[in-house]
Structures are given as structure tokens and as C-alpha cells.
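In: Pasting the sequence and the predicted model now:
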Amino acid sequence: MICFEHVSFGYEKGKPVLEDLNFILQDGESVGLIGANGAGKSTFMKVLLGLLPHEGTILVDEYEVNTKNLKEIRRKLGFVLQNSDNQMFMPTVYEDIAFAPLNYGMTKQEAEEAADTALEKLGITALKHRHNHKISGGEKRMAAIATVLAMNPDVLLMDEPTSALDPYNRRIIINTISSLEKTKIITSHDLDMIMDTCQRVILLSKGKIAADGPARDILSNRELLEANRMELPLRLQGI
């Protein structure tokens, strides 16, 4: 589904933010991308989406990530941004959720049905006709996730999906992510959420892959996490 071959990127010459990344994500895998602040997680997402140039090769299915293939790449990848204000730009929640489906060729009725399904899945149907500037940060976070679910992408990319959420809505997001039979890449400092939603974890440190393996093995390795400026998930800290 997704293949990185010797992928590097730097904002300044000689100062790589991502350095020689090599891995394959199979169809249907749910992968947690973790690391301390500055490890390169958000940059990774932007490079995969073709928002930043890169050295090496990235493949999404049979398409190489380059300017020629961006339209096809972005049909396959749905991205939940870390800052919901950067994702919600229409007057109402419904208009935001319907925006991408309409632009991808759905009829107005099909787009509304897709929006209603996404809102219902997240339990936020009451937000449908609310104005974006009149909802809370947590509500906006949930609505931003709905905008991506309505697109029904092949691959779901989520950058800190549970940030700004109260415990109740955090659990809804965890349950929703877990129920989606899609390829998923999730970046988060919420390691308990990563443990609940991901079977595999890739640990980035200073732009390199420090570890790649089963989520439970990596997230329970206190020595590995602390060496990379992280701590055990809360549920494991008493072990």
C-alpha cells in the first residue's frame, strides 16, 4: 500500500529532518508513528501527502508521490490535521464535510449522505448546521475528523487525533478508529490511544527510524522510550 525507499527531507541543506527512511505499510495495517517533539512526525505526514519535496521514492499503491500524481495520491489519502482551525474553513460544519465529496464528483445528495454517515458515526449529528466559529475546540476536532471520514479514503492519516478532546469524545474517536477497516497512520503523544488503535509502531528519533515493530513490544519498552525522550503509556507506568 505505502512504500518508503531511502526517503530524506530537510528544510535547510545539510540539516535533514527526515533521513533515509525505509519501510513498507501493507494494506489494512494500523501504524502508530511516535516520537518526541521535533522527531519529524508532522513532516513525515506532509512529505507523504506531497506537500513537501523529498529525496528517495514514496509509492502509494502504484503511484509515486510527485507533482504529476498528486491528484490521485490525494484521492487515496485522507489527512486529519493537528490544528483543526487549518482544516475547517467553510461557514458551517456541514459545508466543510461536504466540500471534498462534492469536489471529488459526488452529487449533492450523495455528499449529504456521506456527511450524515460521518456525523452519525462520531455521534455529532447535532453539529451539522452549526457555524464553525460557534463550536468548541473539541467539537471542531470531531467535525474535522468527520470531514475526512466523509471522503472515504483508502488511507487515513491522523496527526494527534485526540488532542483537545474530553475523555468521552476521546473514547468515541478511539472506537471509531479501531472500527475502520483501512490503512491508518496515526501520530500522537497519547500512547495509550496508540496502544488501543495500532498493531504496529514506528518510533522516530531525530528524523530516523529508531524502532519498528509490534505496538505492545515497543510501547512496553521503558528503556527504549526513555532513551528517545518518551515515557511508558499511563496504563503501563505501574508495571
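Out: Done, it's in.
In: and the lengthiest helix in the chain, which residues are buried?
Out: Longest helix of the chain, by residue count under DSSP state H: helix 108-122. In terms of neighbour count (16 or more other C-beta atoms under 10 Å), helix 108-122 has its buried residues at 111-112, 114-116, 118-119, 121-122. (Each C-beta comes from the backbone N, C-alpha and C, glycine too.)
In: again with stretch 134-146
Out: 135, 138-146.
In: Verify the assumption that V47 is located in a strand.
Out: No: assignment of V47 by DSSP: H, G, I helix; E, B strand; the rest coil gives helix, placing it outside any strand.
In: Nearest spatial neighbour of it, chain-adjacent residues omitted?
Out: Counting by C-beta to C-beta, 6 or more residues apart in numbering, V47 lies nearest to H54, which is 4.9 Å off, once chain neighbours are set aside.
In: Could I get the pLDDT score of that neighbour?
Out: Model confidence at H54, given as pLDDT, is 95.
In: pretty sure V31 belongs to a helix, no?
Out: No: using three-state DSSP, the assignment for V31 is strand, not a helix.
In: From F23, how far out is E64?
Out: According to C-beta to C-beta, to the nearest Å, E64 and F23 sit 16 Å apart.
In: show me where this structure has strands.
Out: Remark: strands assigned in the chain by DSSP state E are 2-9, 18-25, 30-34, 55-60, 63-64, 77-80, 155-159, 183-187, 200-205, 208-214.
In: I'd like to know how far the residue nearest the centre of the chain sits from I209.
Out: The centre of the chain sits closest to M158, judged by C-alpha atoms, centre = their mean, with a distance of 1.4 Å. The gap separating M158 from I209 is 19 Å, by C-beta to C-beta.
In: cool, D116 as well?
Out: Counting by C-beta to C-beta - D116 and I209 are separated by 40 Å.
In: cool, T57 as well?
Out: 16 Å.
In: before we move on, what about S220?
Out: Taking C-beta to C-beta, one finds S220 at 19 Å from I209.
In: Same check on M142?
Out: Relative to I209, and taking C-beta to C-beta, M142 is found at 32 Å.
In: Output the longest helix of the chain in CSV with nothing but the alpha carbons.
Out: Provided in CSV are the C-alpha atoms of helix 108-122 (Å, rounded to 0.1, in the frame of the first residue of the first chain):
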residue,chain,number,x,y,z
LYS,A,108,-25.3,17.0,-3.7
GLN,A,109,-27.5,14.1,-2.3
GLU,A,110,-24.5,11.7,-2.2
ALA,A,111,-22.4,14.3,-0.4
GLU,A,112,-25.1,14.9,2.2
GLU,A,113,-25.5,11.2,2.8
ALA,A,114,-21.7,10.8,3.2
ALA,A,115,-21.7,13.8,5.6
ASP,A,116,-24.7,12.4,7.6
THR,A,117,-22.9,9.0,7.9
ALA,A,118,-19.7,10.5,9.2
LEU,A,119,-21.6,12.7,11.7
GLU,A,120,-23.6,9.8,13.0
LYS,A,121,-20.5,7.6,13.3
LEU,A,122,-18.9,10.2,15.6
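In: elements contacting that helix?
Out: helix 93-103, helix 137-149, helix 167-179 (3 or more C-beta pairs under 8 Å, 6 or more residues apart in numbering; DSSP states H and E).
In: any low-confidence regions in the protein?
Out: Low-confidence segments of the chain (pLDDT under 70): 239.
In: Apart from its chain neighbours, what residue comes closest to N152?
Out: That would be A114: by C-beta to C-beta, 6+ apart, it lies 7.1 Å from N152.
In: What of D190?
Out: Going by C-beta to C-beta, 6+ apart, D190 has T162 as its nearest residue, at 5.1 Å.
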